[in-house]
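Peer 1: Sharing a sequence plus its predicted fold:
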Amino acid sequence: MTDVFDVLSSDHDAVRQMLAELEAGPAAADGADDDQLRSRKKLADRLVMEESRHEAAEQMYVWPAVRDRVDDGGRLADHALGQERDGERALSQIDGHNAADPEFEQAISEFITAARQHMQFEETEVWPLLRAALTEKEIGLMTDQYQTAKQAAPTRPHPGKLESPEKLRTGGPMVAAMDRARDALTRRGKG
């Protein structure tokens, strides 16, 4: 049976794949043509969308559980949330630039480093402790909560605006609806 840790791991695998594709280029500095730059921006848009949804759902359900159920959970959650804020700032920069902009590539580079460190931290230091602290029933509930939250989460980073689980649960759906409307108008995330 798939549980929240499997879902989170699958999310991480998808992010790792996108990061590897972005690293492989080509980038503007490598002489990428317009079609290659459009493809690069579409991949980056997909990364921003997926990461925004993943982190919002995690912040609503995973980090509160870590705080409440894991020894030294407050420190672990604070560390992870600091990493996520750094990643969110880089994602915002990625989202705000074209693939031909030097700032785009700088943000990609920053995000790749931050994302890899964050995923390693979660997978090796946090998840084993959280898994051990929860019952199978609690893991099942968190799985459902995470998956539902991810489907309704914002598709863009919103640094500093939705910084608590409560704000994400109450304001997140409205922000997500605006994100999705904007995505539909711009065809962001489509073919």
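Peer 2: Good, I have the coordinates.
Peer 1: from here on, contacts and neighbour counts on C-alpha atoms
Peer 2: Will do.
Peer 1: Most remote residue from the middle of the protein, which is it?
Peer 2: Distance from the C-alpha centroid of the chain peaks at Gly31, with 29.1 Å (CA atoms, centre = their mean).
Peer 1: For that one, give me phi and psi.
Peer 2: Gly31 adopts backbone torsions of phi 90, psi 20, taken as degrees, to the nearest 10.
Peer 1: Show me where the chain has its helices.
Peer 2: Per DSSP state H, the chain carries helices over the ranges 4-24, 34-57, 63-69, 73-95, 102-121, 127-133, 136-152, 165-186.
Peer 1: could I get these as JSON lines with mean neighbour count and mean pLDDT?
Peer 2: Listed next are the helices of the chain as JSON lines, based on neighbours: other CA atoms under 10 Å; pLDDT from 0 to 100:
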{"stretch": "helix 4-24", "mean neighbour count": "16", "mean pLDDT": "97"}
{"stretch": "helix 34-57", "mean neighbour count": "20", "mean pLDDT": "93"}
{"stretch": "helix 63-69", "mean neighbour count": "18", "mean pLDDT": "96"}
{"stretch": "helix 73-95", "mean neighbour count": "19", "mean pLDDT": "93"}
{"stretch": "helix 102-121", "mean neighbour count": "17", "mean pLDDT": "95"}
{"stretch": "helix 127-133", "mean neighbour count": "16", "mean pLDDT": "97"}
{"stretch": "helix 136-152", "mean neighbour count": "17", "mean pLDDT": "94"}
{"stretch": "helix 165-186", "mean neighbour count": "16", "mean pLDDT": "62"}
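Peer 1: Which residue is the nearest non-sequential neighbour of Asp144?
Peer 2: Closest residue to Asp144 apart from its sequence neighbours, by CA to CA, 6 or more residues apart in numbering: Val4 at 7.9 Å.
Peer 1: Confirm for me that that neighbour is in contact with Met142.
Peer 2: Yes: judged on CA atoms under 8 Å, Val4 makes contact with Met142 at a distance of 6.4 Å.
Peer 1: on that earlier part again, any idea how far the residue nearest to Asp144 lies from Tyr146?
Peer 2: Computed as CA to CA, to the nearest Å, the Val4 to Tyr146 distance reads 7 Å.
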